[in-house]
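Visitor: Sequence first, then the predicted structure:
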Amino acid sequence: MSLDLDFVRAQFPAFSEPSLQGQAFFENAGGSYTCKQVIDRLFRFYTQRKVQPYADYEASRLGGEEMDEARTRMAAILGVETDELSFGPSTTQNTYVLANAFAGMMQPGEAIIVTNQDHEANSGPWRRLAERGFEVREWQVDPGTGHLDPAALENLLDEKVRLVCFPHCSNVVGEINPVTEITALAHAAGAFVCVDGVSYAPHGFPDVGTLGPDIYLFSAYKTYGPHQGLMVIRRALGELLPNQGHYFNAGTLYKRFTPAGPDHAQVAACAGMADYVDDLYDHHIGGGGTQVSPRGQTVHDLMRAREVEALARVMAALKDRNDLRVIGPTDAVARAPTVALDLGRDPVAVAAELAEHGIMAGGGDFYAVRALQAMGVDPDRGVLRLSFTHYTSDAEIDQLLTALDAVL
């Protein structure tokens, strides 16, 4: 079964917005278009529920119910318990809170492993723990390919390591890392695992419960939703880490790592992401009593199949060019459709030229300075990044490839 792109694109108001006609969006890794299900919920909350939630009067009661609905339904899609999912202002801020919690649990001399493949959000907060007496070890990428070798991780693991942090896929390398395999290695050594899913989740919500990490992080504004950071912390770890919220919230797992009050409207609007998954499932498969997590994985697979098909065309056009270097693997199955190109010249200027052809893309370091440096790319120059997702059409791929030929 293939994804019905006409139906998919009808769920996103941006595709019918007059001011965006003729523009092909290839900067999805920086933030996706928002689906109408989220927009509708956000509008309803701001117009009908914009009061303090969880009181007995109707507007307040309904507002609280919508916030709870978002947590319940998204947790089910992710394959975890409802209270194992927290909402925060951003993934970076969520990670800083987690790093502070680990600092309160660890003993001086204990170690954390980070990678140089990561976006800075899942690297910088952990690296700063070195200032507090903890050892930080770096799992390094292959400088030619950007690949993270699990065998190299094994050489870093010992009884001192308490946490291993790595991306589901990098926002410049794009290769999909084997989360379950890496998690098993870390767990066997007695370490917890934190996975940054920001660059993977836009391509289909993962079944975190099956993958197995203790922490999984991603950003709703990159998964067709509002600007929130979603954070799964499995119960065994969440109850072990010291509370970072108000002391009277210590007994509620999803409140332990959100010291600031939640953005009520945006949390509630996240249920629209679950609506979108359900609508795609019902349109392609049909309604019924199928469990939520398998529904989510069916939609995940539909999204990925479409992306692999489109990405294969892009890779075929790019991989043999001698005027650029594709960062990461050129096998579409092995990576997400986030394609960084080292052009050997200013990518921002190239992105500006592409804009004249109706291509919305960006150039720079994309907060992946360490990864670019490791692969011999000058981060001050950076890369051109072309990123898309399941809703990108064949016509837009054609427009991109034609524009690249003209500009490069």
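Guide: That came through, no problem. Numbering: from 1, shown residues only.

Visitor: which regions of the stretch 201-350 of the chain sit below the pLDDT cut-off?
Guide: Residues of the stretch 201-350 of the chain that meet the criterion pLDDT under 70 lie in 288-290.

Visitor: quick one: the strands in the stretch 151-300 of the chain?
Guide: Counting by DSSP state E, counting those that start in this stretch, residue ranges of the strands within the stretch 151-300 of the chain are 161-167, 192-196, 215-219, 229-233.

Visitor: For the nearest residue to Ala201 once chain neighbours are set aside, list each beta-bridge partner.
Guide: Among residues not flanking Ala201 along the chain, Phe218 sits closest, at 3.9 Å (CB to CB, 6 or more residues apart in numbering). Placement of C-beta: from N, CA and C, glycine included. Beta-bridge partners recorded for Phe218 (DSSP bridges): Leu230.

Visitor: For Phe218, give me its contacts.
Guide: Residues counted as contacts of Phe218 (CB atoms under 8 Å, 6 or more residues apart in numbering) are Thr91, Asp196, Gly197, Val198, Tyr200, Ala201, Gly229, Leu230.

Visitor: So the third one sits against Pro206, correct?
Guide: Yep, that's Gly197 we're talking about. Yes - Gly197 is in contact with Pro206 according to CB atoms under 8 Å; the separation is 6.4 Å.

Visitor: Of those two, give the one with the bigger neighbour count.
Guide: Gly197 (29 against 24; other CB atoms under 10 Å).

Visitor: which ones are touching that one?
Guide: If a contact means CB under 8 Å, 6+ apart, then Gly197 has Pro167, His168, Pro206, Tyr216, Leu217, Phe218 as its contacts.

Visitor: Contact partners for the first one?
Guide: If I follow you right, that is Pro167. Contacts for Pro167 (CB under 8 Å, 6+ apart) come out as Thr115, Gln117, Asp118, His119, Asn122, Asn177, Val195, Asp196, Gly197, Val198, Ser199, Tyr200.

Visitor: and the nearest residue to the third one once chain neighbours are set aside, bridged to which residues?
Guide: Closest residue in space to Asp118, ignoring its immediate chain neighbours: Pro167 at 5.1 Å, by CB to CB, 6+ apart. Applying DSSP bridges to Pro167 yields these beta-bridge partners: Asp196.

Visitor: quick one, helices of the stretch 151-300 of the chain?
Guide: Secondary structure of the stretch 151-300 of the chain, counting by DSSP state H, counting those that start in this stretch: helices at 179-188, 208-211, 235-238, 264-269, 271-284, 292-318.

Visitor: my guess is Val377 meets Val383, correct?
Guide: Yes - the pair formed by Val377 and Val383 meets the contact definition of CB under 8 Å, at 6.2 Å.

Visitor: Now stretch 353-370: buried residues?
Guide: Of the residues in stretch 353-370, those with enough neighbours to count as buried (16 or more other CB atoms under 10 Å) are 354, 357-370.

Visitor: Look up phi and psi at Val114.
Guide: Note on Val114: backbone dihedrals following degrees, to the nearest 10 are phi -120, psi 170.

Visitor: List the contacts of it.
Guide: Val114 makes contact with Asn122, Ser123, Trp126, Arg127, Val136, Arg137, Glu138, Trp139, Cys165, Phe166, according to CB under 8 Å, 6+ apart.

Visitor: Out of those residues, which comes closest to Asn243?
Guide: In terms of CB to CB, no member of the contacts of Val114 lies closer to Asn243 than Trp126, at 19.8 Å.

Visitor: From the recorded domain assignment, give the ranges for the chain.
Guide: Following automatic domain parsing, one finds the domains of the chain at 5-34+293-407, 42-273.

Visitor: so how far is the first one from its chain's centroid?
Guide: Read it as domain 5-34+293-407. Average the C-alpha atoms of domain 5-34+293-407, do the same for its chain, and the two points are 15 Å apart (CA atoms, centre = their mean, to the nearest Å).

Visitor: which ones are touching Pro178?
Guide: Counting by CB under 8 Å, 6+ apart, Pro178 makes contact with Pro150.

Visitor: what's it sitting at in phi/psi?
Guide: Note on Pro178: its backbone torsions stand at phi -80, psi 90 [degrees, to the nearest 10].

Visitor: re the thing from before, want to throw the helices of the stretch 151-300 of the chain into JSON lines with distance to Val173 and mean neighbour count?
Guide: Supplementary listing: those in JSON lines, determined by distance: least, CB to CB, whole Å; neighbours: other CB atoms under 10 Å:
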{"stretch": "helix 179-188", "distance to Val173": "15", "mean neighbour count": "17"}
{"stretch": "helix 208-211", "distance to Val173": "19", "mean neighbour count": "19"}
{"stretch": "helix 235-238", "distance to Val173": "27", "mean neighbour count": "16"}
{"stretch": "helix 264-269", "distance to Val173": "30", "mean neighbour count": "24"}
{"stretch": "helix 271-284", "distance to Val173": "26", "mean neighbour count": "20"}
{"stretch": "helix 292-318", "distance to Val173": "14", "mean neighbour count": "19"}
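
Visitor: Name the residues of stretch 39-52 that are buried.
Guide: When neighbours are counted by 16+ other CB under 10 Å, the buried residues of stretch 39-52 are found to be Ile39, Arg41, Leu42, Arg44, Phe45, Arg49, Val51.

Visitor: that older thread, which ones among the buried residues of stretch 353-370 lie within helices?
Guide: Secondary structure assignment by DSSP state H places Leu354, Val369, Arg370 of these in helices.

Visitor: How about the second one: what's its closest non-neighbour residue?
Guide: When the adjacent residues along the chain are set aside, Val369 lies closest to Pro379, with 4.4 Å between them (CB to CB, 6+ apart).

Visitor: again, but for Phe192
Guide: Using CB to CB, 6+ apart, the closest residue to Phe192 is Asp214 (4.4 Å).

Visitor: pretty sure the one you found is touching Val179, no?
Guide: No - Asp214 is not in contact with Val179 according to CB under 8 Å; the separation is 11.6 Å.

Visitor: so what's the backbone phi/psi at His49?
Guide: Quick fix: residue 49 is Arg, not His. For Arg49, the backbone dihedrals are phi -130, psi 10 (criterion: degrees, to the nearest 10).

Visitor: Pretty sure it sits against Glu65.
Guide: No - contact criterion CB under 8 Å: Arg49 and Glu65 do not qualify, at 9.3 Å.
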